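Novice: Structure of the sequence below:
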Amino acid sequence: MRGLKVAAGLLAALLLHVAGAEVWPYFPRAFDLFLVVLVLNSVDGDTLAGMLGGLAAGLLSDLLTGGPYGLFGFVDTILGYSSAFLAQRLVVRRLSTILVLLALAAAVQQALLISMALFLIPGSGLPALPWPFVKVGTAAVVGAVAYQVRRVALRGYGRWRSARSARLR
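Specialist: Next up is the predicted model:
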């Protein structure tokens, strides 16, 4: 069941990524929806699920970026495991903590991607300056909004189920 939820989240991120890139060409530079899915997948603290979700999100990112294959897969696998590891040791059920975790994951992702590209890919340079910082901010905001929408939807679904079961008796 959990794998289906992660796959649905990655599919939604993929569709939004493709639609966003069609509407605004700079969308992939500003938003990383796959990072949001992998961090929100990892907040329950299951390191294996976080690592596998990070791998899937990274490989999807690799398919869409056109860069060296495996770069995002490697970095996002580390981030998925690390996010789940942090979630085991911190209380990550508050919106503020989710916001900080998403911003931290996006900052670490950008730092790892830039450093790996500089050291492993000959002739690669630094990305245009504002985009890594923009990506950190947008990942935090989009992830916090997605977390809050999910929380409100689950609360409404719980109320609907309890009202429905009360009527059935």
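Novice: What helix or strand is A7 located in?
Specialist: Using DSSP states H and E, A7 sits in helix 2-23.
Novice: got it, and A57?
Specialist: Assessed by DSSP H and E, A57 sits inside helix 47-65.
Novice: One more: G80?
Specialist: helix 71-89.
Novice: if we can go back for a sec, may I see the buried residues of the helix holding A57?
Specialist: Neighbour-count burial for helix 47-65, counted by 16 or more other Cβ atoms under 10 Å, picks out 47, 49-62. Where you see a C-beta, it was placed from the backbone N, CA and C, and this is true even at glycine.
Novice: could you check the angle helix 47-65 makes with the helix holding A7?
Specialist: Interaxial angle of helix 2-23 relative to helix 47-65 (axes from the mean of the first three to the mean of the last three Cα atoms, to 10 degrees): 20 degrees.
Novice: which residues are contacting helix 2-23?
Specialist: 27-28, 31, 33-34, 36-37, 40-41, 49, 53, 56-57, 60, 64 (Cβ atoms under 8 Å, 6 or more residues apart in numbering).
Novice: Below-threshold pLDDT in the chain: ranges please.
Specialist: Under the criterion pLDDT under 70, the flagged ranges of the chain are 165-169.
Novice: show me the biggest helix of the chain in terms of residues.
Specialist: The helix that spans the most residues within the chain, counting by DSSP state H, is helix 130-168.
Novice: got the buried residues for that helix?
Specialist: Buried residues in helix 130-168 (16+ other Cβ under 10 Å): 132, 134-136, 138-140, 142-144, 146-147.
Novice: So S115 versus T65, what's the distance?
Specialist: The gap separating S115 from T65 is 17 Å, by Cβ to Cβ, to the nearest Å.
Novice: ugh, wrong one, L113
Specialist: Computed as Cβ to Cβ, the L113 to T65 distance reads 10 Å.
Novice: Please enumerate the shared neighbours of the two.
Specialist: Shared contacts of L113 and T65, defined by Cβ under 8 Å, 6+ apart, comprise F72.
Novice: related to what we said a few turns ago, what packs against the longest helix of the chain?
Specialist: helix 27-30, helix 33-42, helix 95-120 (3 or more Cβ pairs under 8 Å, 6 or more residues apart in numbering; DSSP states H and E).
Novice: Kind regards, and thank you for your time.
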